[in-house]
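Student: Next one to model:
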Amino acid sequence: MGAPFATVAAFNAVLFTVRGQMEGLLRSQPGAPLTVNQQVVAGAGAGVAVSFLACPTELIKCRLQAQSALASSDSAVVAVKYGGPMDVTRHVLKSEGGVRGLFKGLVPTMAREIPGSAAMFGVYELLKQSFAGGEDTSQLGRGSLIVAGGLAGASFWVSVYPTDVVKSVIQVDDYKNPKFSGSVDAFRKILASEGVKGLYKGFGPAMARSVPANAACFLAYEVTRSSLG
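Tutor: Numbers count the residues shown, from 1 in each chain. Next up is the predicted model:
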């Protein structure tokens, strides 16, 4: 919990700030609403930026979650390797190529964040405009924003979940004796050994987290934005 909790504010700050900057670049005139397609482009741009923060954070989280699962399944055999997020960071910096080691899995992270963020912001804008009956969504109530945000979050995982599975197995792969040579190799081996269902392990919990989390996130964003004028 430590790694994502410590960076969730920074993650969302980068995501929404870069998206806002992209909106400014894409907007035809000041104050003009963006089309759904423009929001998709803005979301993709935000996904590029946020990947560089998400990758090391998720590497630490995945390492800790993986060792916890292994230890609980066979504690007599599997020893706990890391004492916490900082311990993971120190180990990676010392034994896995320095700072570069913290960005293991950057390619699949970007392959998740770019299309995922594009889908999320595109769906969010599409739903808001549908609820509002036009491009002006400034008068939407909080209930509509919650629904739009929750479904937008769901669209993120629906569109990219197999990529997240590939990212996670690469990030927890042994540095000295890796099972996978890269993202494509990991994808092929998971598909060969476990079939398509192997690419959707944990999909239910991911959706159960994403819908309420993004509903709350988008509502907080809209309320804050409105309060700041």
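Student: which element is the nearest residue to Phe218 once chain neighbours are set aside on?
Tutor: Leaving aside its chain neighbours, Phe218 sits nearest to Gly149 (2.9 Å; criterion: Cβ to Cβ, 6 or more residues apart in numbering). In this view, the C-beta of every residue, glycine as well, is placed from N, C-alpha and C. In the assignment (DSSP states H and E), Gly149 maps to helix 142-171.
Student: Equivalent analysis for Val92, please.
Tutor: Under the criterion of DSSP H and E, Val92 resides in helix 85-95.
Student: go on, Gly204?
Tutor: According to DSSP H and E, Gly204 maps onto helix 203-227.
Student: how about that helix: buried residues?
Tutor: Phe203, Ala206, Ser210, Val211, Asn214, Ala215, Cys217, Phe218, Leu219, Tyr221, Glu222 (16 or more other Cβ atoms under 10 Å).
Student: contacting residues around the fourth one?
Tutor: Going by Cβ atoms under 8 Å, 6 or more residues apart in numbering, Val211 touches Gly150, Leu151, Gly153, Ala154.
Student: from those residues, which is closest to Asp136?
Tutor: Nearest to Asp136 among the contacts of Val211, counting by Cβ to Cβ, is Leu151 at 20.3 Å.
Student: what angle do the helix holding Gly204 and helix 142-171 make?
Tutor: Orientation of helix 203-227 against helix 142-171 (axes from the mean of the first three to the mean of the last three Cα atoms, to 10 degrees) gives an angle of 130 degrees.
Student: Help me confirm that Glu58 comes into contact with Leu106.
Tutor: No. In this structure, Glu58 is not within contact of Leu106 by Cβ atoms under 8 Å, at 10.3 Å.
Student: Show me which of these two is the more surrounded one.
Tutor: When Glu58 and Leu106 are compared for neighbours, Glu58 comes out ahead with 22 against 19, by other Cβ atoms under 10 Å.
Student: So Ser28, which state does it fall into?
Tutor: Under the three-state scheme (DSSP: H, G, I helix; E, B strand; the rest coil), Ser28 adopts coil.
Student: from here on, count from 12
Tutor: Shifting the count to begin at 12 puts that one at Ser39.
Student: mind checking how far it is from Asp185?
Tutor: To Asp185, Ser39 is 51 Å away according to Cβ to Cβ, to the nearest Å.
Student: Which residue lies nearest the spatial centre of the chain?
Tutor: Nearest to the geometric centre of the chain sits Glu124, at 5.6 Å (Cα atoms, centre = their mean).
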